[in-house]
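# A predicted structure for the sequence below; I have some questions about it.
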Amino acid sequence: MITRLVTLATLMLLTSASAVTAQEQPRMGGVLKAGMIGEAPTLDLHVTTAVITQQITWHVYETLFTLDKNLAPIPMLAEGHAIADNGRRYSITLRKGVRFHNGKEMTSADVVSSLQHWSKLATPGKAIWKNVEGIEAKDPYTVVIYLKEPSGSLLFALASPNNGAAIYPKEVVAAAGDGAIKEYIGTGPYRFVEHKPDRHVRLARFKEYSARSDPPNGYGGKRTAYIDEIYFIPVPEASVRLAGTETGEYNFAQSIRQDQADRIKGQSAVEAQVVKPYGWITAVPNHKEGVMANKKVRQAFQAVLDMEPIMSAGIGNKGFYRLDGAMFYPEQPQLYSLAGTTGYNQKNKAKARQLLKEAGYAGCTTPLSCPRSRWRTWASRLTSRCSTGRRSSSGGTNPSCSTSSRRASRSRPTRPSPRRSSATGPAGGASRKRTSSWPRWRGRRIRRSGARSSRRSRRSSTRMSGASRSGTTSISR
């Protein structure tokens, strides 16, 4: 039974009676040990876009809205909402009787305090709050958000899991000020117990959890915590995660390498799941200084790319990726569009050479760097980028590849080194960020030639230089 629970757990180690067959009806109890790709940089969802923070804390925190199976916003902590004043006023009614892990009932005061904290620290919060005139607690169970202009983005932003608008007790937010919270208290089906660095994050079932009554639907609906405790254990090496799951040390291994998938086929005690769509591989040129600050050089870099061999070199098995120039996934019918994708996968060396000539490019080396270890296998990122480098070189540019540690990547200053391009990913998903910031430095988002990303629910995909998407493989025992 644990095998079934874990294989549903790429983002949420939760399930529901409707999620399994009658023959596999789950039982309550047990401890689940999840081998994760590393340590979360923080457990405050407001202050980081790190997907590992989202994956761990999504059991602890909840948001006013979440995403259904079609990646559309639906209520979670909210009971519903009404729109007035020509789309500039949103009145959000809260569910009654929802309790935080400290026993206190959630009210509008907690919501207002949390959203104000989120608006100051979170990437999507900062972006959406530029259009917010004000927010008030109308009564204990009603929050009103006033917009400067009508917007269709508000509910999507409030529903986003990554860097999400989690609701905390107002006292916790007040103690944090404009920094990260220190007490990890939410309304979710699991409560935070302890964090022992380099050992584990431990969660336990919250017995007083107020579940919704509607059927499970994507991230939303009724959530049931069958497992007593969850241990999120940092295991940076993919081979160690796999070996630990095969021996029973872990019940779940996150993001194994694609070339390991065939190894576990036929093992009755281990089940592999490919999560599609999953995220993007993204190329991020330096817009601030160096050779890539020249728009024509960036356009040349984009023009020369041939995505099929790049993704084949970086990912391998075609079952783990697909090519698509769109900003959103086909699984998002309300948002998916091929408009503006003509710049993707051009494979035009002549155009690249002409653009470089117009840019006055003198053939200087353009460093390409990426973290050595992240969410999935960064070795595939390096392979992708070095393959990109070979193709760019044939188009007239002179790139070089290097790797850096995940920690070093996160700790670099916002000022970039000259002539640098960065590759990162995956973390793609259902709700794109509406901003142009980047963890390494601020620069404009490359739409089609290196788009940004954000999240999903047993879904998402991967993108290199625009929209080459891939699945990832996780295993469970």
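In hand now; what should we look at?
# From now on I want contacts and neighbour counts done on CA atoms only, so please keep to that.
Fine.
# tell me which residues of stretch 270-289 are tucked away?
If you call a residue buried by 16 or more other CA atoms under 10 Å, then stretch 270-289 has these buried ones: 270-288.
# which residues of the stretch 151-300 of the chain fall in helices?
For the stretch 151-300 of the chain, applying DSSP state H, counting those that start in this stretch gives helices covering 154-159, 170-176, 238-247, 295-304.
# can you pull the buried residues of the shortest one?
Buried residues in helix 154-159, counted by 16+ other CA under 10 Å: Leu154, Leu155, Phe156, Ala157, Leu158, Ala159.
# So which of the residues you listed is the closest to Gly29?
For the buried residues of helix 154-159, the residue nearest Gly29 by CA to CA is Ala159; the value is 29.9 Å.
# Reduced to three states, what does the nearest residue to the closest one once chain neighbours are set aside come out as?
Of all residues not flanking Ala159 in the chain, Thr66 sits nearest, at 4.0 Å (CA to CA, 6 or more residues apart in numbering). The three-state label given to Thr66 by DSSP: H, G, I helix; E, B strand; the rest coil is strand.
# how about Ala82, secondary structure?
strand.
# Cross-check the contact I'm expecting between it and Thr142.
No. When contacts are counted by CA atoms under 8 Å, Ala82 is not listed as touching Thr142 (10.7 Å).
# Please tell me how far the residue nearest to Ala176 when sequence neighbours are not counted sits from Ala84.
Spatial nearest neighbour of Ala176, excluding adjacent residues (CA to CA, 6+ apart): Lys182 at 6.7 Å. As judged by CA to CA, to the nearest Å, Lys182 and Ala84 stand 37 Å apart.
# again, but for Gly221
26 Å.
# per-domain residue ranges of this protein.
2-60+186-274, 65-174, 277-471 (automatic domain parsing).
# TSV for these, including mean pLDDT?
Below are the domains of the chain laid out as TSV (pLDDT from 0 to 100):
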stretch	mean pLDDT
domain 2-60+186-274	84
domain 65-174	97
domain 277-471	63
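# before we move on, the earlier item: more neighbours: which of Gly221 and Ala84?
Each of Gly221 and Ala84 has its neighbours counted (other CA atoms under 10 Å); Gly221 has more, 20 against 11.
# surely the more buried one meets Pro73?
No. Between Gly221 and Pro73 there is no contact under CA under 8 Å: 11.7 Å.
# which residues sit against stretch 65-73?
Outside stretch 65-73, the residues that touch it by CA atoms under 8 Å, 6 or more residues apart in numbering are 74-78, 155-156, 158-161, 217-220, 331-333, 430, 456-457.
# buried set for that stretch?
Phe65, Thr66, Leu67, Asp68, Lys69, Leu71, Ala72, Pro73.
# what two of these are the furthest from one another?
Phe65 and Lys69 (13.3 Å).
# hang on, isn't Val270 packed against Arg263?
No. Assessed by CA under 8 Å, Val270 is found out of contact with Arg263, at 10.5 Å.
# Contact partners for Ala40?
Listed by CA under 8 Å, 6+ apart, the contact set of Ala40 reads Ala50, Ile52, Thr53.
# Would you format these as CSV with secondary structure included?
CSV is the format used below for these (three-state DSSP):
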residue, secondary structure
Ala50, coil
Ile52, helix
Thr53, helix
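# quick one: which helix or strand includes Val112?
helix 108-121 (DSSP states H and E).
# chain center to that helix: distance?
Distance of helix 108-121 from its chain centroid, counting by CA atoms, centre = their mean, to the nearest Å, is 21 Å.
# Next secondary structure after that helix?
Following helix 108-121 in sequence, per DSSP H and E, is helix 123-129.
# what are the C-alpha coordinates of that next one, in CSV please?
Backbone C-alpha positions of helix 123-129 (Å, rounded to 0.1, in the frame of the first residue of the first chain) are rendered in CSV as follows:
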residue,chain,number,x,y,z
THR,A,123,8.4,36.9,-6.8
PRO,A,124,4.7,36.4,-7.9
GLY,A,125,3.5,38.5,-4.9
LYS,A,126,5.7,41.5,-5.8
ALA,A,127,4.5,41.2,-9.4
ILE,A,128,0.8,41.0,-8.7
TRP,A,129,0.9,43.6,-5.9
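# pretty sure Ile135 is touching Trp129, no?
No. Assessed by CA under 8 Å, Ile135 is found out of contact with Trp129, at 10.2 Å.
# Would you agree Pro161 is in contact with Thr53?
No. Checked against CA under 8 Å, the pair Pro161 and Thr53 is beyond contact range at 10.2 Å.
# about what we covered before: mind listing the shared neighbours of Ala82 and Thr142?
Ser91, Ile92.
# the more surrounded of the two?
Neighbour count, other CA under 10 Å: between Ala82 and Thr142, Thr142 has more, with 21 against 11.
# Could you measure from the residue nearest to Ala176 over to Val172?
For Lys182 relative to Val172 (CA to CA), the value is 8 Å.
# These two: who's more crowded?
The neighbour count for Lys182 versus Val172, taken as other CA under 10 Å, is higher for Val172 (18 against 13).
# Could you list which residues are in contact with that one?
Ile181, Lys182, Glu183, Ile185.
# got those residues as a markdown table, with pLDDT columns?
Shown next, in a markdown table, are those (pLDDT from 0 to 100):
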| residue | pLDDT |
| --- | --- |
| Ile181 | 97 |
| Lys182 | 96 |
| Glu183 | 97 |
| Ile185 | 98 |
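# From these, keep the buried residues only.
By 16+ other CA under 10 Å, the contacts of Val172 give Ile181, Glu183, Ile185 as buried.
# Setting aside sequence neighbours, what's the nearest residue to the last one?
Going back to what we said before, that points to Ile185. Nearest to Ile185 is His101, by CA to CA, 6+ apart, at 5.8 Å.
# Narrow the contacts of stretch 65-73 to those in strands?
Counting by DSSP state E, the part of these found in strands is Ile74, Pro75, Ala78.
# out of these, who's nearest Ala313?
Closest to Ala313, out of all of those and judged by CA to CA, is Ile74, at 39.2 Å.
# so that closest one touches Tyr219, yeah?
No. Using CA under 8 Å, Ile74 is not in contact with Tyr219; the gap is 9.1 Å.
# What is the burial count for Lys318?
12.
# Look up phi and psi at the residue nearest to it when sequence neighbours are not counted.
Spatial nearest neighbour of Lys318, excluding adjacent residues (CA to CA, 6+ apart): Ser312 at 7.1 Å. Dihedral angles of Ser312 (phi, psi; degrees, to the nearest 10) stand at phi -60, psi -40.
# From Leu305, how far off is Ser312?
Taking CA to CA, one finds Ser312 at 13 Å from Leu305.
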